[in-house]
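Participant: Using only what follows, build the 3D model:
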Amino acid sequence: MAKQTIAAKADPFGRDTALDTASILEAYRRWAGIYDTVFGGVSSVARRRAVATVNRLPGRDVLEVGVGTGLALPHYTRDKRITGIDLSAPMLQRARERTQRNRLHHVVALHEMDAEATGFPDASFDIAAAMFVASVVPNPSRLLAEMRRVVRPGGNILFINHFAAEKGPRWWVERAMAPASRALGWHPDFAMAAMFSPEDLARIEIRPVPPFGLFTLVRLAV
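Facilitator: So this is what the prediction gives:
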């Protein structure tokens with residue numbers, strides 16, 4: 001796999017915060033064993049809100065981008081057919097174990113795959129949902145383009161993610177954390193404009209999600 005790098009916006013502290021594929025894989029190799037304990041709780045409300053939105057939307061075929069350890073998989077209704085992808089083999093192994101343990105027959109496939117270049121045919125899914133992935137991938141705009149490519153006309157693209165504050169104390173905290181991006185495996189200072197065009201920003205549906213509006217649910221109709 002070619003090494004991909006996206007330069008972050010200028011860091012007010014003057015430090016390089018670029019994130020590349022190798023950094024992501026290494027970070028999630030370390031996180032795999034403790035991900036559910038450390039991150040599962042704080043993200044559970046946002047994850048369930050995203051899945052509930054998927055369940056209400058029309059269409060059967062769902063792509064979950066960045067399926068991770070499979071925390072969302074038990075919460076989809078059984079009339080959906082879920083395909084999950086992730087770049088991290090250790091995380092995917094846990095997702096497979098969860099699927100088998102809980103007999104999640106609505107999960108039809110789990111693939112080790114690059115979210116920015118999936119290899120699926122055009123218009124393969126009714127819904128594509130990326131949970132906590134947008135601030136992880138090297139090129140967010142490429143991720144969006146790939147999700148748009150694999151979703152059928154009339155379908156939906158969903159993101160649940162942390163997006164950077166535009167001002168205030170959280171703005172400073174996020175930017176102070178930005179140099180740790182490589183160790184964390186995600187960008188604390190990730191801005192929505194890094195992924196969406198002005199045209200998309202004008203028509204997306206945005207909903208803050210607890211706790212404290214830390215995460216945001218975004219829906220884009222295709």
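
Participant: contacts, neighbours, all on C-alpha from now
Facilitator: OK.

Participant: Can you list the low-confidence ranges for this protein?
Facilitator: 1-42, 164-189 (pLDDT under 70).

Participant: Apply 50 and report the result again.
Facilitator: Along the chain, segments meeting pLDDT under 50 span 1-18, 167, 169-187.

Participant: For it, just list every one of the strands.
Facilitator: 5-6, 19-20, 61-65, 81-86, 107-112, 125-131, 151-161, 205-209, 215-221 (DSSP state E).

Participant: Save those strands as TSV, and put in mean neighbour count too.
Facilitator: Listed next are the strands of the chain as TSV, based on neighbours: other Cα atoms under 10 Å:
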stretch	mean neighbour count
strand 5-6	14
strand 19-20	24
strand 61-65	23
strand 81-86	23
strand 107-112	17
strand 125-131	25
strand 151-161	21
strand 205-209	15
strand 215-221	19
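
Participant: which one of these lies closest to residue 194?
Facilitator: In terms of Cα to Cα, the element of the strands of the chain nearest to residue 194 is strand 5-6, at 10.3 Å.

Participant: Residue 67: how many residues sit nearby?
Facilitator: 27 (other Cα atoms under 10 Å).

Participant: and it, what are its phi and psi?
Facilitator: Note on residue 67: backbone dihedrals following degrees, to the nearest 10 are phi -60, psi -20.

Participant: where's it relative to residue 132, distance?
Facilitator: 9 Å (Cα to Cα, to the nearest Å).

Participant: residues in contact with the closest residue to residue 106 other than its chain neighbours?
Facilitator: Excluding its sequence neighbours, the residue lying closest to residue 106 (Cα to Cα, 6 or more residues apart in numbering) is residue 81, at 5.1 Å. The neighbours of residue 81, taking Cα atoms under 8 Å, 6 or more residues apart in numbering as the test, are 60, 61, 62, 106, 107, 108.

Participant: Distance check, residue 81 against residue 64.
Facilitator: 10 Å.

Participant: do the same with residue 209
Facilitator: In this view, residue 209 and residue 64 are 19 Å apart by Cα to Cα.

Participant: try residue 86
Facilitator: Distance, residue 86 to residue 64, by Cα to Cα: 9 Å.

Participant: Buried by neighbour count: which residues of stretch 192-201 qualify?
Facilitator: Buried positions in stretch 192-201, judged by neighbour count with 16 or more other Cα atoms under 10 Å: 192, 195, 196.

Participant: returning to what we had before: okay, the strands of the chain in TSV with distance to residue 95 next?
Facilitator: Formatted as TSV, the strands of the chain follow (distance: least, Cα to Cα, whole Å):
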stretch	distance to residue 95
strand 5-6	27
strand 19-20	24
strand 61-65	12
strand 81-86	9
strand 107-112	8
strand 125-131	14
strand 151-161	19
strand 205-209	24
strand 215-221	23
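
Participant: Which one of those lies nearest to residue 142?
Facilitator: Of these, nearest to residue 142 by Cα to Cα is strand 5-6, at 10.6 Å.

Participant: quick one: the closest residue to residue 70 other than its chain neighbours from residue 134, how far?
Facilitator: Using Cα to Cα, 6+ apart and skipping residues adjacent in sequence, the residue nearest residue 70 is residue 95, 4.3 Å away. Distance of residue 95 to residue 134, given as Cα to Cα: 20 Å.
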